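Chemist: 3D model of this:
(one chain, ligands or ions: 1)
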Amino acid sequence: MAVSLAALLTVSLVVVPLLTLLLLATKRPSNPPKRAGDLPPSPPGALPLIGHIHQLGRLPHRALRSLAASHGPVILLRLGSAPTVVVSSAAAAEEAMKTRDAAFASRPRSAMADRLVYGSRDITFAPYGEYWRQARRVCTVHLLSHRRTASFRRVREREAAALVARVRHHAAADRGGAVNMSDALFCYSKAVVTRAAFGDGEYGLDGDEGGDKLRRVFADLQELLMATPVREVAPWLGWVDTLTGLDARAKHTFDALDGVLERVIADHRARRRRHQDGQRVLEDDDDHRDFVDVLLDVNEMDKDTGLRLDTDNMKAIIMDMFAAGTDTSYTVLEWALAELVNHPDKMRKLQSEIRAAAGNATTTGHLVTEDHLADAQYLKAVISETLRLHAPAPLLAPRETTEDTELLGYRVPAGTRVLVNAWAIGRDPELWDGAEEFVPERFAAGDPLLEYSKVGQDLRFLAFGAGRRGCPGAGFAAPSVELALANVLYHFDWAALPATLGTPVVDMTEAYGLTVRLKKPLLVVAKPWSGR
Ligand code: HEM
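Modeler: Model (predicted):
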């Protein structure tokens, strides 16, 4: 009895207070109360040279959401030598991208973009300033305007027909009907941007019949734009980039793409000269001008407004259209189809909508057109929901502050890198019921978010970013994504590959890159629809 009394005393006097202290320490971590002018809280564990980079793991958007859960919606990390603020709530995003938009409107300098995108003279990587303003105006007014986007309708419908034919071919070739939809959807998205950019001419690398080499070069471009050369973190270790082959890879990729762009622009110039000489040029009326034509026109039209685009500027802008427009659109399609295969009831609901709108013509030639989709509300809801759960660029494109500013009362000095975790905001349980579930029905008729391509209208929904650096290509992406998804769902019924155990499902594991996509290619079974 004496022993147990002593034990009880020890427990109540020593162990309980100790445990309480420990609990308090883990529950309320090292963040002291905020005072005006404080920098945002910084998680412990930064290492010399790399800072917090090792804490980002393979899927930084997920790691950053966990850090935000412990340290708050605005945190300060050191990524290499770059002080980086991470924004993880809609309120903080609203302040950064709306209230203080101008202060958060630059992009950090990237050695790779300087090297691959003509000294960052595109739009995405250009620092905030006069060149960016002019280039962005060219982009929004001339290349990606509503009118120009509508003029590419023929391009989209042609490529959608090619997509359906490709799927039909692969489904028939494999007796089980399995089709690699990652490949098919990537080819579609790339073809739409390529045709819009270059027109109908076939441009590729030497000896590249099926376009595979060019596709690999583009994949390399995306990967390299994500890479942080060692010299960017530690300039005195620049030789490591040569040793690892990064420099050679960057040179090879740049030379290959530059060669193609050079040829495209030279051909367009030659065609225009012939045109001016009075020769008849087919497909050159206003409605079918491609991006290169438009940039050459802008150069002439805007002569007096002070804007001059030299050949490198044009190449940089065209390269931007590819880098920013291809993977993003394809990733949305891939996630949407994967979610629908895993939610057969939603897939059937969407198919009913599209099949009712497009009628009962299921001959191979029949195509769902943009006219059929004018009132396809559920299609829009499916895409909105896909973008909410799977923002293709979960951390958007990095921003940089242009001046000393503030965020939720914290001080953010000029020159700070800023990442907005759109993925975490899209899944914030405080903002969305059943935040992790795929429920397109949450976007009911009349919900402004059904018009998902209106950028920055609701800061809970950030797949296209917001503010002056928000995506100018959303209106170009929307009809392209809708048409492809509608056609593959109209013409085929889809299922996951048979599983050895349990219900077959698509593995939704993510892989990180310039966009976040499915880790394994989307291999799914396509069964041609034979009509009612
Ligand atoms: C579903 C498809 C797309 C998604 C999800 C997407 C997403 C984004 C995001 C998150 C940004 C950064 C926004 C910010 O910093 O606030 C961005 C910027 C940009 N996007 Fe898109 N994008 C898509 C399609 C396109 C297309 C098709 C094009 C062009 C053909 C395009 C061209 C651009 C450009 C040029 C920028 C840079 C804007 C600037 O820095 O001023 N995007 N996009």
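Chemist: can you name the residues that contact the closest residue in space to Q351 that isn't next to it in sequence?
Modeler: Closest residue to Q351 apart from its sequence neighbours, by CB to CB, 6 or more residues apart in numbering: L489 at 5.1 Å. No exception for glycine: its C-beta is placed from N, CA and C like everyone else's. Applying CB atoms under 8 Å, 6 or more residues apart in numbering to L489 gives the contacts 340, 347, 350-351, 354.
Chemist: out of those residues, grab the one that's most surrounded.
Modeler: Most neighbours among those, by other CB atoms under 10 Å: L340, with 26 neighbours.
Chemist: return the distance of it relative to D290.
Modeler: 33 Å (CB to CB, to the nearest Å).
Chemist: so T228 touches G80, yeah?
Modeler: Yes - counting by CB atoms under 8 Å, G80 is a contact partner of T228 at 6.7 Å.
Chemist: what strand or helix carries P83?
Modeler: Using DSSP states H and E, P83 falls within strand 82-87.
Chemist: how about residues contacting that strand?
Modeler: 40, 64, 67-68, 73-78, 93, 96, 108, 398, 407, 412-413, 415-421.
Chemist: mind redoing it with 7 Å?
Modeler: Residues from elsewhere that reach strand 82-87 (CB atoms under 7 Å, 6 or more residues apart in numbering): 40, 64, 68, 73-78, 93, 96, 108, 407, 412, 416-421.
Chemist: cool, and stretch 320-332?
Modeler: 117, 122-124, 185-186, 189-190, 193, 197, 218, 221-222, 225, 291, 383, 386-387, 392-393, 473, 476-477, 480-481, 514-515, 517.
Chemist: just the mean pLDDT for it, thanks.
Modeler: Mean pLDDT, stretch 320-332: 92.
Chemist: is the ligand contacted by it?
Modeler: Yes - counting by CB under 6 Å from any ligand atom, the ligand has neighbours in stretch 320-332: 320-321, 324-325, 328-329, 332.
Chemist: can I get these in CSV including secondary structure and neighbour count?
Modeler: Putting those into CSV (DSSP: H, G, I helix; E, B strand; the rest coil; neighbours: other CB atoms under 10 Å) gives the following:
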residue, secondary structure, neighbour count
D320, helix, 24
M321, helix, 22
A324, helix, 23
G325, helix, 22
T328, helix, 22
S329, helix, 26
V332, helix, 28
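Chemist: sorry, back to before: out of the contacts of L489, who's nearest the ligand?
Modeler: L340 (16.7 Å; CB to the nearest ligand atom).
Chemist: the closest one belongs to a helix, doesn't it?
Modeler: Yes - assessed with DSSP: H, G, I helix; E, B strand; the rest coil, L340 lies in a helix.
Chemist: check contacts around it.
Modeler: 346-347, 350, 382, 494.
Chemist: mind redoing it with 6 Å?
Modeler: For L340, the contacting residues are 346-347, by CB atoms under 6 Å, 6 or more residues apart in numbering.
Chemist: who touches stretch 124-132?
Modeler: With CB under 6 Å, 6+ apart, stretch 124-132 has contacts from 105-107, 110, 113, 117, 120, 320, 324, 397, 402.
Chemist: how about it: buried residues?
Modeler: 124-126, 128, 131-132 (16 or more other CB atoms under 10 Å).
Chemist: same thing with stretch 132-149?
Modeler: 132, 134-139, 142-145, 148-149.
Chemist: just the ones in helices from the residues you listed, please.
Modeler: Judged by DSSP state H, the buried residues of stretch 132-149 include 132, 134-137, 148-149 as members of helices.
Chemist: may I see those residues organised as CSV, with pLDDT added?
Modeler: As requested, these are arranged in CSV below (pLDDT from 0 to 100):
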residue, pLDDT
W132, 96
Q134, 92
A135, 93
R136, 95
R137, 94
R148, 95
T149, 96
